[in-house]
Each structure stands twice: as C-alpha cells, then as structure tokens.
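# after the sequence you'll find the predicted model.
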Amino acid sequence: MKRAWIVGAAVLLAGCAVGPDYKKPDVEVPTAWRMNAATAGDVANTAWWQQFGDPVLDELIDTALRDNRDVRIAAARVDQFIGALQSTRSQFYPQLGYGVDVARSRTSRVGQPPLPPGADPYFTLYQGALSASWQADLFGRVQRLSEAAQAQVYASEQARNGVVLSLVASVATTYITLRSFDQQLLIARSTSDNFAESVRIFQRRYDAGAVSMLELSQVKSQFEQAQAAIPLIEQQIAAQENLLSVLVGRNSGPIVRGRSLFELKAPAIPSDLPSSLLLRRPDILEVEQQLVAANASIGAAKALYFPTISLTGLIGSISTAFGDWLSGPATAWALAAGVTGPIFTGGSIAGQVAGAEAGERAALAAYQQTILQAMRETNDALTGSEKRRLEAAAQSRRIEALDKFARISRLRFDQGVSSYLEVLIADTELFSAQLALAQTTAQYHAQLVSVYRAMGGGWVDIAAKRAPQPLANASK
C-alpha cells in the first residue's frame, strides 16, 4: 500500500511538470534515392567490410575498434554524462547526512553574564546529529532537468556510435588507398624497368649509329618520367601507413598487406528507403536527443517562476560531558518547512526561458539540417559508386586499346615505318592510364564504403560491440 502511494505521488508530481512535452518533428523525406542499384541487397545489417574478402583488412578494423583512442574517449564521455544524470536524479530523493563535532573552549570570566567565582572556564562540547532535507518537485523542474540529462546520455552514446562508424569507414578507405598506392608503385617500377631496358637498347643503337640523339633522348625522357613518379608514390604510401597506424592505435610503422587492389571484392550496395535512414544514422539520433534535451530545458527554466517547497529535519545530541552525550537529556531535534519563490528578478527568469526556447529552435534546425545532409551524402555515395564503376570499366577498356596501340607502334618503329615519337606517345598514355585505373578502382571501392558510412545501419551496432564499452549503465 505504501509503495502504491509513493508511485501515485510520483505520477501526480510528474503530471505537474511545466513546459512543453517532446514531440518528434515531422520530417519530409523522398520516397526513393536518386539512383537505385538494380541488384542491391539488404546487407546494411552485416559486417560489410568482410565482403572485401581481405582478412588483413578485417584484422585492422578489429584492432582499431579495440585500441583506437578516439573510441576510448567517446566511451569515457558517455560515462561522464551518465554521472551527470545520476547527480541530477539524486534531487528526487531526500538528502541524508550526519555531523559529529568535538570542541574545546574557554569562557571569559568577566563576560555577560560574568562567570561565578570558582567556576571552571574551560569546557568541552560534544555534538552529533543526523540531518535530512528534501525539495518537492511540484512543478517538474528536476524532472525536466533529468529528461535533459538522460537525453544527453543517449546523445553521447550515439556520438560514440558515430565515432565507431567513422573509424570503420576510415580504416577501410585508408587501407584501400594504401593498396592503390602499392599498385601504382608496382606499375611505376615495372614501367621504369621496361624503360630502363629501352634506354640500354637505344644507347647501343645510338653508339652503332642506328638511331639519332633525338630518339635516344626521347627514350631517356620516358625513363625519367617513370622514375620521377616513384618517390612521390613512396611518400604517399608512408603517409597512408602512418595514418593507418594512428587509426589502429599504435605508433607509425609498416602495415601488413593482404589482397592486392584488383583482388579486392566489391561489397554489395545496401538497398533501403530513406525513412529508415532516420532510425539508423548515429548523427541523426544524436542531434534528435540534443533536441529532446533542449526541449526539456524550457520546462526547467519555466519552473523557476513557481515556488519551491523544502522540508528539513535534524535529530542529534549536544552535551558538555562525554558520558552524557548520548543520553536523553542531551537530545536535540528540529523540523522545518519552507516555501521560496520569486517576486521580482529583473528579467532573470524570463531571460533563461528565452534562452532555452532559442536553444530549442537551434536544436530543431540542426536536426533538420543533419537529415538533409544525410540525404545528400547518401545520394552522393550511391551516385558516386555507380559512376566510378562505369569509369573503372571504361579505363580498363582504354588500357586494352592503349596496350594494343603501344605494341603496334613499337612494331612499326622496329620496321622503320614510323618514328619513335609514336611509341613514346603510346607508352606514356598507357603508363598514365594504368595509374588512373588504380586510382579509379580505389575510388570505386571508397565510394562503396561511403554508401555504408552514409546510410548507417545495424552494422554500426555490430562494430560498436567490439569497441570499448562505457563502464556505467545508462539505464540505471
């Protein structure tokens, strides 16, 4: 019966909370993406990075989720907000305390009244008490503060998920870029070796008077062009290795390689309706919780207009003799009730309410803007993945044509039908096209990663479970 009375009182007080209750804003979303994949599969709830078929990439992502410092920072921030929530919720309950004091004093002999002759001016005072205080949340100020604190906890959890989302996507993209540079370095070195052999052949021909200095210079120019590309690519490889090392939480150093760029498999593109995106992207969920917190802050500010009722109590013992300290005659107690409220604040409360309402409007606009941004990013990623796929296919066909062009040009030169300039043009274009194909293939894979980054999905929860967890429990 007592428990039912307490629950009923809590419900009654909750119903008195001033300020607006949160209502999810209406959001206008399109019914379809600008580009849909014809063979798309619903794979947004799986560990999509495993579809690349590279165990090294899988291990790098697992290591990053375990050791990345940004994820640990995000988990610790969740605990910070949980601590703030616990502190706010404590205001619902009576605050109990205790105090024990022992004081040694001397009284003036000539004070008022004067100390009687022969009386000892020295005495020891023993005091001990238990105290209790409680502030009734009649108008829901603490309730609104608690709602705001709870929303901040949920927002911090989604911020952590956002860090996980960005981390997985960044590791995958960085690794793909690294394998692209590896492929470009392989092409540059192979081309350089081929051109070096051509230089040796043309040098012998020049010494024999079979070719001119012009043709020899052209061959040397080809060789130096390929040579010049190598240091830049090596620098880019080192930079990607350093970046990947930081992402996986260790000092800069070499990174183990797995499958080559052209051996990586392309993950399937997830298909879904835009409306479900609102339930899956961590950044959207985060800003919505910030909107919830801003809405609750309005009620907390408006509650300052209303009176505050507080109850305090104390029971203890006061005595100058330790032996009598806990006896009945030394008992002391007090009960008090108070009501305080504003009469004139010079606009202080009105300013707080206006500030809270402005904060809510800003949070609403941020929520709407985040949704628009999410739609744009997803459409960009879907369009980009398809266009990069077509571009890579065209690049492959161009390389086939250029390879044939180069072989025919060299044959024509050997037969004396054409000058070496034709061979130079064919080889140079083939070299550039091979580098471009490596870049485009990497960009195609990176766009697929961007699709998963943009759409979110259940894969974020899968990854988040592998990352460091907050020590506290938000549901407490």
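Looks like it arrived, so ask away.
# quick check, residue 185 in a helix?
Yes: under DSSP: H, G, I helix; E, B strand; the rest coil, residue 185 sits within a helix.
# roughly how far apart are it and residue 407?
Here residue 185 is placed at a distance of 24 Å from residue 407 (CB to CB, to the nearest Å). C-beta: built from backbone N, CA, C; applies to glycine.
# between those two, which one's more packed in?
residue 185 (18 against 13; other CB atoms under 10 Å).
# and the strands in this protein?
Counting by DSSP state E, the segments of the chain that form strands are 95-106, 122-136, 308-319, 331-340.
# out of those, nearest to residue 164?
Closest approach to residue 164 among those (CB to CB): strand 95-106, 38.4 Å.
# which stretches of the chain have low pLDDT?
Scanning the chain for pLDDT under 70 picks out 1-16, 29-44, 270-279, 325-326, 328, 473-476.
# closest to the centroid, which residue in it?
Geometric centre of the chain, nearest residue: residue 163, 2.4 Å, by CA atoms, centre = their mean.
# I figured that one hits residue 70, correct?
Yes: Residue 163 lies in contact with residue 70 (CB atoms under 8 Å); the separation is 5.3 Å.
# skipping its backbone neighbours, what lies nearest the residue nearest to the centre of the chain in space?
Distances taken as CB to CB, 6 or more residues apart in numbering put residue 74 closest to residue 163, at 4.4 Å, once the chain neighbours are dropped.
# quick one on the thing from earlier: now render the strands of the chain as a markdown table, adding mean neighbour count and distance to residue 394.
As requested, these are exported to a markdown table (neighbours: other CB atoms under 10 Å; distance: least, CB to CB, whole Å):
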| stretch | mean neighbour count | distance to residue 394 |
| --- | --- | --- |
| strand 95-106 | 10 | 73 |
| strand 122-136 | 15 | 72 |
| strand 308-319 | 16 | 73 |
| strand 331-340 | 11 | 76 |
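# CSV for the ones you listed, including distance to residue 402?
Putting these into CSV (distance: least, CB to CB, whole Å) gives the following:
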stretch, distance to residue 402
strand 95-106, 80
strand 122-136, 81
strand 308-319, 82
strand 331-340, 85
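# looking at those, which is nearest to residue 87?
Among the strands of the chain, the nearest to residue 87 by CB to CB is strand 95-106 (12.0 Å).
# list the helices and strands the closest one packs on?
Contacts defined by 3 or more CB pairs under 8 Å, 6 or more residues apart in numbering; DSSP states H and E place strand 95-106 against strand 122-136.
# which strands and helices sit next to the strand it packs on?
Using 3+ CB pairs under 8 Å, 6+ apart: strand 122-136 touches strand 95-106, strand 308-319.
# which residues sit against the last one?
Read it as strand 308-319. 99, 125-136, 138, 325-327, 330-341 (CB atoms under 8 Å, 6 or more residues apart in numbering).
# what of the first one?
Outside of strand 95-106, the residues that reach it under the criterion CB under 8 Å, 6+ apart are 121-134, 316.
# try 10 Å this time
120-135, 312-314, 316-318, 320, 322, 325 (CB atoms under 10 Å, 6 or more residues apart in numbering).
# mind listing what it pairs with, with the direction of each?
Applying DSSP bridges, strand 95-106 is found paired with strand 122-136 (antiparallel).
# between strand 331-340 and the partner strand, find me the angle.
Going by axes from the mean of the first three to the mean of the last three CA atoms, to 10 degrees, strand 122-136 is angled at 40 degrees with respect to strand 331-340.
# starting at the chain centroid, how far to strand 122-136?
Here strand 122-136 is found 49 Å from its chain centre; the criterion is CA atoms, centre = their mean, to the nearest Å.
# try stretch 285-293
Distance of stretch 285-293 from the chain centroid (CA atoms, centre = their mean) equals 15 Å.
# with just CA atoms, put it into CSV.
What follows is stretch 285-293, C-alpha atoms only, in CSV (Å, rounded to 0.1, in the frame of the first residue of the first chain):
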residue,chain,number,x,y,z
LEU,A,285,19.9,10.1,-33.5
GLU,A,286,22.4,12.2,-31.6
VAL,A,287,21.0,15.6,-32.7
GLU,A,288,17.5,14.4,-32.0
GLN,A,289,18.5,13.6,-28.4
GLN,A,290,20.0,17.1,-28.2
LEU,A,291,16.7,18.4,-29.4
VAL,A,292,15.0,16.4,-26.6
ALA,A,293,17.4,17.9,-24.1
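# hmm, back to that, with respect to residue 435, which of the helices and strands packed on strand 122-136 lies nearest?
Per CB to CB, nearest to residue 435 of those: strand 95-106, 70.4 Å.
# got a list of what the residue nearest to residue 163 touches?
By CB under 10 Å, 6+ apart, the contact list for residue 74 reads 68, 156-157, 159-164, 167, 464, 467-468, 470.
# could you redo the last one with a cut-off of 8 Å?
Contacts of residue 74 (CB under 8 Å, 6+ apart): 156, 159, 160, 163, 164.
# distance of it from residue 167?
To residue 167, residue 74 is 10 Å away according to CB to CB.
# without its sequence neighbours, what residue ends up closest to residue 283?
With CB to CB, 6+ apart as the criterion, residue 283 has its nearest non-adjacent residue at 5.3 Å, and that residue is residue 162.
# and if you look at residue 292?
Nearest residue to residue 292, sequence neighbours excluded (CB to CB, 6+ apart): residue 151, at 3.9 Å.
# right, and that neighbour touches residue 296 too?
Yes: using CB under 8 Å, residue 151 is in contact with residue 296, at 6.7 Å.
# more neighbours: the two, which one.
residue 296 (28 against 23).
# ok, now which ones touch the more buried one?
Residue 296 is in contact with 19, 22, 144, 145, 147, 148, 151, counting by CB under 8 Å, 6+ apart.
# how about these in CSV, adding distance to residue 266?
Shown next, in CSV, are the contacts of residue 296 (distance: CB to CB, whole Å):
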residue, distance to residue 266
19, 51
22, 42
144, 50
145, 50
147, 45
148, 45
151, 40
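# what is the nearest of the residues you listed to residue 419?
Residue 419 lies nearest to residue 151 out of the contacts of residue 296, by CB to CB, at 74.6 Å.
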